[in-house]
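*Asks:* Next one to model:
(4 chains, ligands or ions: 4)
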Number of protein chains: 2
Amino acid sequence: MSDLVTRLRRHNWRITPQRRVIAETLEGSHVHFTAEQVLERAVERMPELSRATVYNTLNEMVALGEVLELALDGRSKRYDPNADHEHHHLICEGCGLMKDVHTVADPADWLPGDERHGFTLARSSVTYRGLCPDCQTAP
Amino acid sequence: MSDLVTRLRRHNWRITPQRRVIAETLEGSHVHFTAEQVLERAVERMPELSRATVYNTLNEMVALGEVLELALDGRSKRYDPNADHEHHHLICEGCGLMKDVHTVADPADWLPGDERHGFTLARSSVTYRGLCPDCQTAP
DNA sequence: ATCCTAGCTTAGACTGTGTCTAAACAAAGA
DNA sequence: TCTTTGTTTAGACACAGTCTAAGCTAGGAT
Ligand SMILES: [Mn+2]
Ligand SMILES: [Mn+2]
Ligand SMILES: [Zn+2]
Ligand SMILES: [Zn+2]
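*Replies:* Ligands and ions are numbered 1, 2, ... in the order given. Purely as a prediction, here's the structure:
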């Protein structure tokens, strides 16, 4: 049913009712929810669910590498269940709309050796900002 | 003296003593300070300087386009006086060290037309994460 | 079946980061 | 000088997220 739940189960991590609801909420139609948005929606299915559990669970899923944590503006972090598909983000500066996008090559290839300062590279992410079609016409 | 101050002056924006101290602090040897770090250091030169003025001034410099605001983790924003030189960032996941880096091409070229969802692109930024030389040996 | 233990969940207090407000202050122009 | 407009200030406030201490499971051992 939930692909994220099956990925999580592989880490032999206990799938409690709370964790299941949180994972399934996160994976729903719209992605890139904030923790508070996950709570809001998950509470509809499990009214006694607590804020602390949502934050704890999201942090654990990030630590397991099955969810991405996006800190793209200075506001709430956003959580992305799509951690098993390499992708980047395109954000509308007008309305905040966020789309997944795919680049034609690995951004790491665009960083020459003499710009790496002896670092080992683990991951790269690209953020594109602009205006969505709606915000171009009605600014 | 301070290149940032001369850039700011072009916007016919009043350079008050407070704003000068903030701009010069931001432009000092180490870049990518948080607002609190700017305050800490600026207060050494102007003890009566207030926290509100630091936040106000940094936001104004960002709005003028002369300072970049970086929200790369979920913690404090960082302020980058180097807004007139296109560059990206390489961050150590061990110690938080942040280096400026330059890519061999414009990241906008890596995003094909059919991945733009009708957006107009305004700016692109790449964040590379990994381990710095120190953190590789002493993890 | 019962007990034990480790892990999970909870409410609410707490912290860090940033914004807002209202009043005092400063500068520039008439 | 007087007026007007913009700037600075202290502190209250708001938001996002973490921590704590207590209670609650679930599963294993006996
Ligand atoms: Mn995504
Ligand atoms: Mn920089
Ligand atoms: Zn938009
Ligand atoms: Zn390091």
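
*Asks:* How about the residue most central in space within chain A: what's its closest non-neighbour residue?
*Replies:* Among the residues of chain A, residue A:80 comes closest to the average C-alpha position under Cα atoms, centre = their mean, at 1.8 Å. Excluding the flanking residues, the one nearest residue A:80 by Cβ to Cβ, 6 or more residues apart in numbering or on different chains is residue A:68, at 4.1 Å. Placement of C-beta: from N, CA and C, glycine included.

*Asks:* next one: residue A:72
*Replies:* Nearest to residue A:72 is residue A:127, by Cβ to Cβ, 6+ apart, at 6.0 Å.

*Asks:* and chain A, which residues reach chain B?
*Replies:* Neighbours of chain B within chain A, by Cβ under 8 Å from any Cβ of the partner chain: A:69, A:71-74, A:77, A:90, A:92-93, A:99, A:101-105, A:107-108, A:110-112, A:115-133, A:136.

*Asks:* and stretch A:100-114, which residues are buried?
*Replies:* A:101, A:103, A:107, A:110-111 (16 or more other Cβ atoms under 10 Å in any protein chain shown).

*Asks:* hang on, I meant stretch A:42-62
*Replies:* Counting neighbours by 16+ other Cβ under 10 Å, stretch A:42-62 gives A:42-43, A:49, A:53-54, A:57-58, A:60-62 as buried.

*Asks:* can you give me the strands for chain A?
*Replies:* Using DSSP state E, the strands of chain A run over A:33-34, A:68-70, A:78-80, A:88-92, A:98-101, A:120-131.

*Asks:* would you turn those into CSV with distance to DNA strand D and mean pLDDT?
*Replies:* Listed next are the strands of chain A as CSV, based on distance: least, Cβ to the nearest atom of the strand, whole Å; pLDDT from 0 to 100:
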stretch, distance to DNA strand D, mean pLDDT
strand A:33-34, 6, 96
strand A:68-70, 8, 97
strand A:78-80, 8, 97
strand A:88-92, 16, 96
strand A:98-101, 15, 94
strand A:120-131, 17, 96
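
*Asks:* possible to save those as TSV with distance to ligand 2?
*Replies:* Below are those laid out as TSV (distance: least, Cβ to the ion, whole Å):
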stretch	distance to ligand 2
strand A:33-34	27
strand A:68-70	20
strand A:78-80	23
strand A:88-92	20
strand A:98-101	23
strand A:120-131	15
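
*Asks:* Can I get those strands in JSON lines including distance to DNA strand C?
*Replies:* JSON lines is the format used below for those (distance: least, Cβ to the nearest atom of the strand, whole Å):
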{"stretch": "strand A:33-34", "distance to DNA strand C": "14"}
{"stretch": "strand A:68-70", "distance to DNA strand C": "16"}
{"stretch": "strand A:78-80", "distance to DNA strand C": "16"}
{"stretch": "strand A:88-92", "distance to DNA strand C": "18"}
{"stretch": "strand A:98-101", "distance to DNA strand C": "20"}
{"stretch": "strand A:120-131", "distance to DNA strand C": "17"}
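
*Asks:* Let me have those in TSV, adding distance to residue A:4 as columns.
*Replies:* Listed next are the strands of chain A as TSV, based on distance: least, Cβ to Cβ, whole Å:
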stretch	distance to residue A:4
strand A:33-34	13
strand A:68-70	12
strand A:78-80	11
strand A:88-92	19
strand A:98-101	16
strand A:120-131	19
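
*Asks:* Quick check, pLDDT for residue A:103.
*Replies:* The model reports residue A:103 with a pLDDT of 95.

*Asks:* For it, give its distance to DNA strand D.
*Replies:* Here residue A:103 is placed at a distance of 26 Å from DNA strand D (Cβ to the nearest atom of the strand, to the nearest Å).

*Asks:* what residues are up against the residue nearest to residue A:80?
*Replies:* Applying Cβ atoms under 8 Å, 6 or more residues apart in numbering or on different chains to residue A:68 gives the contacts A:62, A:79-80, A:82-83.

*Asks:* how about CSV for those residues, with distance to residue B:13 added?
*Replies:* Formatted as CSV, the contacts of residue A:68 follow (distance: Cβ to Cβ, whole Å):
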residue, distance to residue B:13
A:62, 41
A:79, 39
A:80, 39
A:82, 42
A:83, 43
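
*Asks:* Just flag the most distant two among those residues.
*Replies:* A:62 and A:82 (12.9 Å; Cβ to Cβ).

*Asks:* I'd like to know how far residue A:11 sits from residue B:69.
*Replies:* 36 Å (Cβ to Cβ, to the nearest Å).
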